[in-house]
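1. I would like to see how this sequence folds:
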Amino acid sequence: MSRLVRKAPTFKIKKWETFMDNLILKKRLTTFKTKKGFLKNVNDELLRDLLQAWESWQGTPKEFYRSIGFAPAQMAKLLGKAKKLKREGFFPENDFKEIKVESGKFSLLDPSSACVELVWEKDKIIRFSQVDLLVEFLKKAA
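-> I've put the predicted structure just below:
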């Protein structure tokens, strides 16, 4: 007699990590849940984590809401608030510092050589053959 043996479901590591992250996020969100089921006074750190989970989600929105355990309307309001905070700069961007280069000071030479030319001050021209070298130079110059 042959007996059917069920195999345990296998997850890819990334899916399993996402599942666990969403489970922890669900637990954190429930601390802000009122007796009537509303989410009130959710802190900014949790909103940032919720937005990061949403942006990295690979599945459908319905699956995301189900994994978090809240209704789409509740999540829409929180995600909207998180996006607004992100636009207004409340969430630091991993020490990223934007460098603005004035037009006319930066030009791309021959596209086949992929060389970048930077006019430094008035009389100095610096050419970079690789973007990494330009980034390293700008880090040291800042």
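
2. and stretch 119-134, how far apart are its ends?
-> 12 Å (CA to CA, to the nearest Å).

3. what residues sit buried inside it?
-> Buried residues in stretch 119-134, counted by 16 or more other CB atoms under 10 Å: 128, 134. (Glycine included, C-beta is placed from N, CA and C.)

4. after the helix or strand of the chain with the lowest mean pLDDT comes which helix or strand?
-> Lowest mean confidence among the helices and strands of the chain (mean pLDDT, DSSP states H and E): strand 106-108, at a mean of 49. Later in the chain than strand 106-108, the nearest helix or strand by DSSP states H and E is strand 116-120.

5. name every strand pairing with that following strand and say which way it goes.
-> Partners of strand 116-120 in the sheet, by DSSP bridges, are strand 106-108 (antiparallel), strand 124-128 (antiparallel).

6. next secondary structure after the longest one?
-> Per DSSP H and E, strand 124-128 leads on to helix 131-141 as the next helix or strand towards the C-terminus.

7. what average pLDDT does that following helix get?
-> What helix 131-141 shows for mean pLDDT is 82.

8. who are the packing partners of that helix?
-> Contact partners of helix 131-141 among helices and strands, from 3 or more CB pairs under 8 Å, 6 or more residues apart in numbering; DSSP states H and E: strand 116-120, strand 124-128.

9. contacts for the last one?
-> Strand 124-128 is contacted by residues 109, 115-120, 134, 137 when judged by CB atoms under 8 Å, 6 or more residues apart in numbering.

10. report the angle between that strand and helix 131-141.
-> Relative orientation of strand 124-128 versus helix 131-141 (axes from the mean of the first three to the mean of the last three CA atoms, to 10 degrees): 140 degrees.
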